[in-house]
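S.K.: sequence and predicted structure are below.
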2 protein chains.
Amino acid sequence: MGKYKLRCINCGKVYEPDEVEYTCPVCGDRLGTLEVIYDYEDIKVQREEFSKFENIWQFEKILPIEKGSYRTHLHVGGTPLYNMPKMAEELGIEKLTIKYDGTNPTASYKDRASAIAITKAYEKGYDTIYCASTGNAASSLAGLSAPTELKTYIFLPASAPIAKISQLFIYGANVLPIDGTYDEAFDISMEIGKEKGWYCRNSAINPYLLEGKKTGALEIAVQSDWEIPDYVFVSVGDGTVISSFYKGFYDFYKLGLIDKIPKIIGVQAEGAAAVKRVFDKGEPFLPDDIETNTIADSISVGKPRDVVKACKYVKKSGGYFISVSDEEILSAIQELAIKSGIFAEPAGATSYAGLKKIANTLGKNAKVSIVVTGNGLKDVKAIEKFVNLKKIKPDEVREVLKNEN
Amino acid sequence: MGKYKLRCINCGKVYEPDEVEYTCPVCGDRLGTLEVIYDYEDIKVQREEFSKFENIWQFEKILPIEKGSYRTHLHVGGTPLYNMPKMAEELGIEKLTIKYDGTNPTASYKDRASAIAITKAYEKGYDTIYCASTGNAASSLAGLSAPTELKTYIFLPASAPIAKISQLFIYGANVLPIDGTYDEAFDISMEIGKEKGWYCRNSAINPYLLEGKKTGALEIAVQSDWEIPDYVFVSVGDGTVISSFYKGFYDFYKLGLIDKIPKIIGVQAEGAAAVKRVFDKGEPFLPDDIETNTIADSISVGKPRDVVKACKYVKKSGGYFISVSDEEILSAIQELAIKSGIFAEPAGATSYAGLKKIANTLGKNAKVSIVVTGNGLKDVKAIEKFVNLKKIKPDEVREVLKNEN
């Protein structure tokens, strides 16, 4: 076989990469998202070839890309994994590590997917690429495509945080601020993209995005010195990032580099818990959409596009879904900042909010990783309640501080 | 001798580290900032022990810190150096590399200094640390001290960008938003800090900060595979970051690891060119303060605290100072974003604005590095003129795009 094939998550039909562009023609966009499957016997790979802070291209042998095709020069991945013993002790677990992806080029996890999308656009000969996004996938695509020859169109809700929107314009993307929800922006983007023949960098639809995202899991394995955690907590919107965590560990497992796959725990905002709802109903997993209301804009998704895969993979891992309130997310942002030095955007701190909520059920021997998917600088409005801008004149400072020492 | 001594940049008097806390008692805070000098014969170090993406602690042998004292767990330094051949060609020079420090834990260069300041505070037994800042040093100190036992006080102009102020509050620092300029915040912070006996993390005053900052130069050497650039362009406010670039290359030169020191080119905003003014007047370099007016808040400094050292070091390197207008800075932000994928804050793009301005004077064989000191997400208001938030209803998109393909 070639390096890889594509398999429908719903019907299981296997396609050659050149037979199908995005999703299973039989099952359609919503049910029939595809998995990239490799011939694991054929891939020769050893633990020793990976290092802790190299970018995602160090995993090229297990990525669905051609030798010698375009690679972004930007340093995507190789983000830190912090070991936090004191936080673990406070939570009553054995070990806590935090994968912090806010140091990617455009400051979110989504750069891992955009890097692959751009490589594939070049390999397939497209000259235009587009996406619909709550904000991070958009700024990521805009940033990584800016230095390329590709033309870029971005569909996003006009209500997205101003920092994310500013990134789009400074990178020179063609921006369509949609007067509607992310779910509406997604639907119209799919229509237009098909009509125009542009390459689609939309979550779940494009099967290669998840392969880029899985590098986060691969890095956790490498950076943990191959001591795989028992649980990995991931915030969930469309369901692609969480699926990618299962897939990354699965690939390393199938390659014989690790001997277990962690339980993957999905954490959703209570006001946008569409994937959890489907998971909790049980199999067969079928989309069941909702209206959303949460401050965690990056995971404010009512019509999750990778819901089937997310539910199947989480179940296979032995994991499950939980949800947290906006209040729990906000207090998790501050607590995470103070205890770890990591300033996360709301969706980024959602994984920590989830861990706090159920840590006491995991057992004192539990080794846990949480994934912080985005930098807090992307949405400072979300934390405005913590900020007090009362000005002090220089000659008043001494009085203000008279009781401090 | 011990590992290092302190030497007054003005009178040359040499002190043992325990003889003096901050500046030369004879020459005072403004003229008598100190240099850390090592016994270079005594330090055994080889090129092979350094790697490209490790954090700053890999340079421990040439940092003024004790073995086994506190080290932040956060990944400070190890930031990317991007090689941009196409941009070099367009500028008519042989090579351009960009050191991008927006991926540090709090998204600016200042983390390199704060990391050392916190280590020194612990070594010296302080329980409280403070700084005055235009914003980045503040958010950096707040972020790196948050997970420690240290109490933190921040003096900054209340007009600082909201993202930087938000970082302070989320990290739980004690914030004093001063109704005044950075220079006023600095002066009152020094008075209060002395009265209270807190440890001072103020630019230039604390001689160890520059040693942290010099790790940027050390990384350029390592990441260039020891092929040292001819020129390094650095934006300039107080003068400490630019001094640190000379010092880093100087240390590696004295250790026999490199055979030249690049010409260091300081780039200032026209509305805050206080260091350039002193440099252009010639020796002896004496402070000569101004009022400031620039969008580049991080380098909006009228009373630069490290002006003497900056001028002396830049002169020794064979470099000089230039200035650029706010318009040039703004267009540099967009051009840098589109050509390199790096979104810089105004002070961060100032180095590129400077390079654009004088690239044609450097010669076609020139190898140049520029330093981008901060992430654009720290000040999105600065680029609001590029942003167009006109909303489009989903059913209007097709019409809007009718001429695109």
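M.R.: Yes, it's here.
S.K.: chain B contacts on the stretch 101-250 of chain A?
M.R.: A:103-107, A:128, A:143-144, A:146-147, A:153, A:155, A:158, A:162-163, A:165-167, A:169-172, A:174-180, A:184-185, A:187-188, A:191-192, A:195-197 (Cβ under 8 Å from any Cβ of the partner chain). Yep, even glycine has a C-beta here, placed from its N, CA and C like the rest.
S.K.: show me the helices in the stretch 51-200 of chain A, by range?
M.R.: Secondary structure of the stretch 51-200 of chain A (DSSP state H, counting those that start in this stretch): helices located at A:85-91, A:111-124, A:136-145, A:162-170, A:182-196.
S.K.: and these, which is most packed in?
M.R.: Of all the helices of the stretch 51-200 of chain A, helix A:136-145 has the most neighbours on average by mean count of other Cβ atoms under 10 Å in any protein chain shown, namely a mean of 31.
S.K.: end to end, how far does stretch A:202-219 reach?
M.R.: End-to-end distance for stretch A:202-219: 24 Å, by Cα to Cα, to the nearest Å.
S.K.: quick one: distance of it to the chain centre.
M.R.: How far stretch A:202-219 lies from its chain's middle: 8 Å, per Cα atoms, centre = their mean, to the nearest Å.
S.K.: just stretch A:199-207 next, same as before
M.R.: On Cα atoms, centre = their mean, the centre of stretch A:199-207 falls 14 Å from the chain's centre.
S.K.: just stretch A:302-311 next, same as before
M.R.: With Cα atoms, centre = their mean, you get 13 Å for stretch A:302-311.
S.K.: ok, and the closest non-adjacent residue to the residue nearest in space to the middle of chain A?
M.R.: Compute the mean C-alpha point of chain A, and by Cα atoms, centre = their mean the closest residue is residue A:241, 3.8 Å away. Of all residues not flanking residue A:241 in the chain, residue A:213 sits nearest, at 5.6 Å (Cβ to Cβ, 6 or more residues apart in numbering or on different chains).
S.K.: for chain B, what's the nearest residue on chain A?
M.R.: residue A:53 (3.5 Å; Cβ to the nearest Cβ).
S.K.: just the helices in the stretch 301-405 of chain A please.
M.R.: A:307-317, A:326-340, A:346-358, A:397-400.
S.K.: got a markdown table for those helices, with mean pLDDT and distance to chain B too?
M.R.: Output for these, formatted as a markdown table (pLDDT from 0 to 100; distance: least, Cβ to the nearest Cβ, whole Å):
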| stretch | mean pLDDT | distance to chain B |
| --- | --- | --- |
| helix A:307-317 | 98 | 22 |
| helix A:326-340 | 98 | 5 |
| helix A:346-358 | 98 | 10 |
| helix A:397-400 | 96 | 5 |
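S.K.: look up how far residue A:334 lies from residue A:357.
M.R.: For residue A:357, the distance to residue A:334 equals 16 Å [Cβ to Cβ, to the nearest Å].
S.K.: count residues in the vicinity of residue A:54, would you?
M.R.: For residue A:54, the count of nearby residues is 17 (other Cβ atoms under 10 Å in any protein chain shown).
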